[in-house]
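S.K.: A predicted structure for the sequence below; I have some questions about it.
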Amino acid sequence: MKNIDLSLYLVTDKSDNVEKFLNTIEEAIKGGVTVVQIREKTAETLDFYNLALKVKEITTKYNVPLIINDRVDVALAIDAEGVHVGQSDMPCDVTRKLIGEDKILGVSAATIDEAKKAEKDGADYIGTGAVFPTVTKDDAPSITKQDLKDVVDSISIPVVAIGGITLENASQLKDTGIAGLSVVSAIMSAENPKKASQTLLNIFNR
């Protein structure tokens, strides 16, 4: 199992202002974000590639792993540290073959069965949610705190919680055994992304 610090896992959302987008990511890393995932569900391949290259410059500067959501081609093209796939994306075992053993592979799993299959198929970590209602991914199935604990207990690879996590509700996830908090809006939409990241990390580490 790879040694990845998943404590504060930032998933980006789409931005029309690239400069602000990149600045938000850099400030978030300064505030303690330990992993960055780029999620661009609607971007053209070239746009995604160019944006990912710019983000990679920042993550490399701070030695933070960069994960590409869904797009194995983009991840390989920019030599990102890893890929994250969902249940309707490229199958986990196929993704692992394509990216090799050294890269990080994350899988979204909302159930014990999905989590166990992902672990068997070569995932390094699981993203589980939505743990709270979320506006960034309105098709995400919601799970209870007990569901989250059950997923954590069912596998030996780390689990990050995702979905609607905010500064106000993050503390509700303590005692679940998760390896980290995965957030989108709580950082990407924050007036002060650095401070938001610091606060979330403090809540998680308490």
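M.R.: Okay, I see it.
S.K.: low-confidence ranges in the protein?
M.R.: For the chain, the stretches with pLDDT under 70 are 1, 136-140.
S.K.: tell me the SS of the residue of the chain positioned farthest from its centre?
M.R.: In terms of distance from the mean C-alpha position of the chain, Leu46 ranks first, at 22.1 Å (Cα atoms, centre = their mean). Following DSSP: H, G, I helix; E, B strand; the rest coil, Leu46 is assigned to helix.
S.K.: residues contacting it?
M.R.: Residues near Leu46 by Cβ atoms under 8 Å, 6 or more residues apart in numbering: none. All C-beta spots, glycine's among them, are computed from the backbone N, C-alpha and C.
S.K.: what's the distance between it and Ala80?
M.R.: Distance, Leu46 to Ala80, by Cβ to Cβ, to the nearest Å: 16 Å.
S.K.: Run a quick neighbour tally on Gly177.
M.R.: 13 (other Cβ atoms under 10 Å).
S.K.: I figured it hits Asp153, correct?
M.R.: Yes. Gly177 lies in contact with Asp153 (Cβ atoms under 8 Å); the separation is 6.9 Å.
S.K.: Helices of the protein, start to end?
M.R.: 18-30, 45-61, 72-78, 92-99, 112-120, 145-154, 185-188, 193-205 (DSSP state H).
S.K.: Could you export those helices as JSON lines, including distance to Gly164?
M.R.: Shown next, in JSON lines, are the helices of the chain (distance: least, Cβ to Cβ, whole Å):
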{"stretch": "helix 18-30", "distance to Gly164": "18"}
{"stretch": "helix 45-61", "distance to Gly164": "24"}
{"stretch": "helix 72-78", "distance to Gly164": "26"}
{"stretch": "helix 92-99", "distance to Gly164": "25"}
{"stretch": "helix 112-120", "distance to Gly164": "20"}
{"stretch": "helix 145-154", "distance to Gly164": "13"}
{"stretch": "helix 185-188", "distance to Gly164": "8"}
{"stretch": "helix 193-205", "distance to Gly164": "13"}
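S.K.: what's the most buried one of these?
M.R.: helix 185-188 (a mean of 22; mean count of other Cβ atoms under 10 Å).
S.K.: Not counting that helix itself, show me its contacts.
M.R.: 10, 12-13, 15, 24, 28, 33, 134-136, 165-167, 170, 193, 196-197, 200.
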